[in-house]
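*Asks:* the following comprises the amino acid sequence and a computationally predicted model.
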Amino acid sequence: MTWLRPIDQWFAEKVFVYQNLHRAYARRLLRDQDEAEDLVQEAYAKLFRLENWEQIANPHAFTMRILHNDAMERFRRADVVSIDQGASLHALEPVDDEPGPDAVVFARAELQRVAAALASLPDRCGEAVRLRRIEGLSPREVAEKMDISVSTVEKHLTKGLRLLFDRLAKVEQAEQAGRTQEWHQGRRRERL
Amino acid sequence: MASGETSREAIADQAAEWLVRFDAGRGDPEAFEQWRNADPRHAAVFAQIAATWQKTAELRTGNVDLQADTALAEEPAAVSAGGEPWLSRRSAMTALAGAAVVATGAGALLWDRRAYAETGVGERRTVRLPDGSRAELNTDSRIAWQLGNRLEFWLDRGEAAIVVAQASRRAVIARLASLRAELLDGRYNLRLQGEAPTLVTFAGRARVTDGRGVVTTVMPGHALTDEGAGLGDTALSPAQLDRAGAWQRGEIIFDGMTLARALAEFNRYLPTRLELADPSIATLRLGGRFNTDDPQAFLQALHDGFGIGSRAGEGRILLFRKDDLT
């Protein structure tokens, strides 16, 4: 037994790589950022209740379908319903049989965002993550290099991972595009 | 939604702590199982944290092109030039990498350049490392390396057989997951399953340091694994050693393992996965020797020996019990 399971890997490659699309869709459905995040997290949790996850032909489309159905459900249960929201829910029905978005493009875009988020971590915290993950040093070697205890390294890593996770979830689509652009240009200038 | 917010944050905190604890080799698998199974949200958030963690290591070998503003727009063309337009992420990255060895493009970031080599699903490839050592990569694998006053290499994914050259006057350091292994002249097999590393010494000697600084010397005929709760050293029988190196001959050997595990092993080599349509046959135990590039012979053996039929599903092959035969 290892602590990373096949379903975790499957989720990372087939579902989570589209987390931006899921959030954007959830926001269009519910029009509330916090509720949208709830919807996304509940949909992901549903995937982890499935016995036959390996047999899902298009995991991304499947996730979009869960988001839509759960939003409809919330909508039905709500006491007060605005008519235009109901109409938009129907208009936002996902299309199940269209080919999925290009996984390569999304994986690469995600990686760009990770690079940007990593660069924005607090100094010591970012250094610990870089030494451990990119230099590939062991936690103990990181501790020696940074002249701190192993348990402090672990605290930095936990905090860094937590911040990365939040930042990757919270960046707005439009804002993100702008930022990545800016960042590219920044790097370019440095290279010239 | 304030309470929902709090618990979401708290779950993410716990998930990050679990992951870092396992990464340092001091996770408690039982306590983790309990936490993970307590709520499907725990499992889902942990998977998101783990995916984020994995992404950070992918930056290492520089699949990020920081110089091209138009990288996203150009991507699909580059992919279709490499073959099928709808490749899986991994095989498409292999297609992009093209030749065996590619200098990384992430030099603009804060870390050093490294060379790397990788294989797609079903591929096998031998790479000569700059100190004269040799690495043979199994299916869907990647190693990166850097030559200084010692040769350091990283197994990022999959499996590799390493022959450390006798002529090499440099120390050879292998890194996989949280392990650092100094390899003396000899022959080794390194494998990552998820984030769990295994090192087998066929000949030579490996001095392995784990995430907590515990040092173990892995002698010939021994295997060392770290499944997140500390190192385990096992002496392998000649038959087990033969199985560990069988992939280099293009073979896969089953030794009485369950069908579910056998399929997981075989699927590493197959672009079209074999899957069980019928969970009741998952625990069948089977033995035998097959070629990794010939799943048909395997399917035939399942059919003849166990009455298990197969049919093509959407992008996979489904296995089921042929009840009418019993």
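*Replies:* Arrived safely.
*Asks:* what's the domain layout of chain A?
*Replies:* Chain A breaks down by automatic domain parsing into domains covering A:6-91, A:101-191.
*Asks:* lowest mean pLDDT across the ones you listed, which one is that?
*Replies:* Across the domains of chain A, the stretch with the lowest average pLDDT is domain A:101-191; it has a mean of 77.
*Asks:* and of the domains of chain A, who's closest to residue B:171?
*Replies:* For residue B:171, the closest of the domains of chain A is domain A:101-191, at 14.9 Å, according to CB to CB. All C-beta atoms are positioned from the backbone trio N, CA, C, and that covers glycine.
*Asks:* hang on, the earlier thing: would a markdown table of the domains of chain A with distance to chain B and mean neighbour count be doable?
*Replies:* Written out in a markdown table, the entries for the domains of chain A read as follows (distance: least, CB to the nearest CB, whole Å; neighbours: other CB atoms under 10 Å in any protein chain shown):
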| stretch | distance to chain B | mean neighbour count |
| --- | --- | --- |
| domain A:6-91 | 4 | 17 |
| domain A:101-191 | 4 | 18 |
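*Asks:* who does the helix or strand residue B:254 falls within touch, helix- and strand-wise?
*Replies:* Remark: residue B:254 resides in strand B:251-258, with elements defined by DSSP states H and E. If contacts are counted by 3 or more CB pairs under 8 Å, 6 or more residues apart in numbering or on different chains; DSSP states H and E, strand B:251-258 sits against helix B:238-245, helix B:259-267, strand B:285-291.
*Asks:* so what are the sheet partners of that strand and their directions?
*Replies:* Using DSSP bridges, the neighbouring strands of strand B:251-258 in the sheet come out as strand B:285-291 (antiparallel).
*Asks:* mind listing what's buried in whichever helix or strand comes after the strand it pairs with?
*Replies:* Once the chain leaves strand B:285-291, the next helix or strand it forms, by DSSP H and E, is helix B:295-306. Judged by neighbour count using 16 or more other CB atoms under 10 Å in any protein chain shown, the buried positions of helix B:295-306 are B:295, B:298, B:299, B:302, B:306.
*Asks:* could the residues you listed be laid out in a markdown table, adding pLDDT?
*Replies:* Written out in a markdown table, the entries for the buried residues of helix B:295-306 read as follows (pLDDT from 0 to 100):
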| residue | pLDDT |
| --- | --- |
| B:295 | 91 |
| B:298 | 91 |
| B:299 | 92 |
| B:302 | 89 |
| B:306 | 84 |
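*Asks:* which of these sits closest to chain A?
*Replies:* Distance ranking of those against chain A, using CB to the nearest CB, places residue B:295 first at 16.9 Å.
*Asks:* so the closest residue to that closest one other than its chain neighbours, which of the three states?
*Replies:* Take residue B:295 and drop its neighbours on the chain: the residue closest to it by CB to CB, 6 or more residues apart in numbering or on different chains is residue B:270, 5.8 Å away. In three-state terms, and counting by DSSP: H, G, I helix; E, B strand; the rest coil, residue B:270 is coil.
*Asks:* pLDDT on the strand holding residue B:254, on average?
*Replies:* Computed over strand B:251-258, the average pLDDT equals 89.
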